[in-house]
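Asker: Turn this into a model:
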Amino acid sequence: GEATFYAPGLGSCGTDATDNDFVAALSKVLFDATGSANSNNNPYCGRKAFRQEGGGGVTITIVDRCPVCKKYDLDLSPAAYNAIGDADAGRIPIKWSWLD
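Answerer: Predicted coordinates:
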């Protein structure tokens, strides 16, 4: 997929996050596929994912839903995005997987 960044706040999971938190929004394709009527109870909320980058990486927590992301894209907080890429790029290719 690809990574972009956004300004987190009160996310679809019902938790507040800041630009400095290592959090992400999951694509609506995956987020909505659970069929959870209440987004606060979505099973993806709170799940940890690891983004691999040149032997290093960053661990993020899903706290939101990304309405414009493609299936395997992640919309990262600025802190998470800046740990793996240059903000001037805007969109970078990523490979990620679930930690749990």
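Asker: which one is Val29 nearest to, not counting chain neighbours?
Answerer: Spatial nearest neighbour of Val29, chain neighbours left out: Lys71 (4.4 Å); criterion: C-beta to C-beta, 6 or more residues apart in numbering. Where you see a C-beta, it was placed from the backbone N, CA and C, and this is true even at glycine.
Asker: my bad, Ile94
Answerer: Using C-beta to C-beta, 6+ apart, the closest residue to Ile94 is Ala3 (4.5 Å).
Asker: secondary structure class for the residue nearest the centre of the chain?
Answerer: The residue lying closest to the centre of the chain (C-alpha atoms, centre = their mean) is Ala24, at 2.3 Å. Recorded secondary structure, Ala24: strand (DSSP: H, G, I helix; E, B strand; the rest coil).
Asker: Neighbours of Gly57, how many?
Answerer: For Gly57, the number of neighbouring residues by other C-beta atoms under 10 Å comes to 17.
Asker: Please give the element, helix or strand, for it.
Answerer: strand 56-66 (DSSP states H and E).
Asker: who does that strand pair up with?
Answerer: strand 23-27 (parallel), strand 48-53 (antiparallel) (DSSP bridges).
Asker: now that strand, how far from the centre of its chain.
Answerer: Its chain's C-alpha centre and that of strand 56-66 lie 4 Å apart, by C-alpha atoms, centre = their mean, to the nearest Å.
Asker: Need phi/psi at the residue nearest to Val29.
Answerer: phi -50, psi -50 (degrees, to the nearest 10).
Asker: Quick check, it in contact with Ser27.
Answerer: Yes. Under the criterion of C-beta atoms under 8 Å, Lys71 makes contact with Ser27 at 5.4 Å.
Asker: Mutual contacts of those two, please.
Answerer: Counting by C-beta atoms under 8 Å, 6 or more residues apart in numbering, the shared contacts of Lys71 and Ser27 are Gly1.
Asker: More neighbours: those two, which one.
Answerer: Each of Lys71 and Ser27 has its neighbours counted (other C-beta under 10 Å); Ser27 has more, 20 against 11.
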